[in-house]
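Asks: this is a predicted model, with the sequence first.
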Amino acid sequence: MEKPEKDNGVAAASRSPMALMGSSRYENEEVNTSMRTVETVLRLVPMTLGVAALVLMLKNSQSNEFGSVFYSDLGAFKYLVHANGICAGYSLLSAIIAAMPRPSTMPRAWTFFLLDQILTYIVLAAGAVSTEVLYLANKGDAAITWSAACGTFASFCHKATTSVIITFIVVICYAVLSLISSYRLFSKFDAPVNYSSKTIETTVFHG
C-alpha cells in the first residue's frame, strides 16, 4: 500500500528546477503574447477613429443664403485635422512595431512612453480648443460681439461636434495606451529597498 505514495514522491521529486523554470517561462510568454495583442488592437483603434474624425472635418462645409463656411476658416479645426492625421500615422506605425514578437528593450519602452504621452496631449489640446470654438459658435459671446453661428450653419456645427467627440474618444484610447507603456517601462526598474523600521531606529539611535 505504500508503493503508490513512494511513486508519487519520486514523480514530484523528478520535476527539476529547470522544468519548473520552463513552465514559468511558458506562462510568461503567454501573458506577453496576450498583452501584445491587446496593445496592438488598442493602437489600431485610435488610428481608425483619427481617420474618421479627420475625414469628417475635411468634408465639413456649408453654404446657404447667409454665406459659406469651411473647416479651414477656423484655425482650431485645422489643428484638429493635423493632430488626428499625426495620431493616425503614429498609431499605424506603433501598432506594427508592437505586433512584432520582440523583447521589449529599455530604449523601445522609453520611446513608446514618451511618444504616447506627447500624442495624448496633442490630441487632447486639439479636442479642447475645438470644443471652445464650438461653444462660442453655439452660444456666442456678447462681450466680443461674437454672434452664435450654429443657428445659421447647423449642419456644419453638427459635423464638427461629431468630429470633436470622436477626437475625445481617441484621447481616451491614448490615455489607456499611456498607462500600458508606463507599466512596460517602469516594471523594468527594480523596486526600492524596503528597510525595516527596526533598522531605521537603530541607525538613528547610533547616530
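Replies: On my side now, so go ahead.

Asks: the residue nearest to the spatial centre of the chain: helix or strand, and which one exactly?
Replies: Centroid-nearest residue in the chain, with Cα atoms, centre = their mean: Tyr174, separated by 2.0 Å. Per DSSP states H and E: Tyr174 is located in helix 154-186.

Asks: cool, Ala52 as well?
Replies: Per DSSP H and E: Ala52 is located in helix 17-58.

Asks: summarise which helices and strands the following helix or strand past that helix is packed against.
Replies: On the C-terminal side of helix 17-58, the closest following helix or strand by DSSP H and E is strand 61-64. Judged by 3 or more Cβ pairs under 8 Å, 6 or more residues apart in numbering; DSSP states H and E, the packing partners of strand 61-64 are strand 67-70, helix 154-186. Just so you know, the C-beta spots here come from the backbone N, C-alpha and C atoms, and that holds for glycine as well.

Asks: list the buried residues of strand 61-64.
Replies: For strand 61-64, a neighbour-count test (16 or more other Cβ atoms under 10 Å) marks Gln62 as buried.

Asks: so how far is that strand off the chain centroid?
Replies: 35 Å (Cα atoms, centre = their mean, to the nearest Å).

Asks: what's the helix or strand hosting Thr111 packed up against?
Replies: If you go by DSSP H and E, Thr111 is part of helix 106-139. Helix 106-139 makes packing contacts with helix 75-99, helix 154-186 when contacts are defined by 3+ Cβ pairs under 8 Å, 6+ apart.
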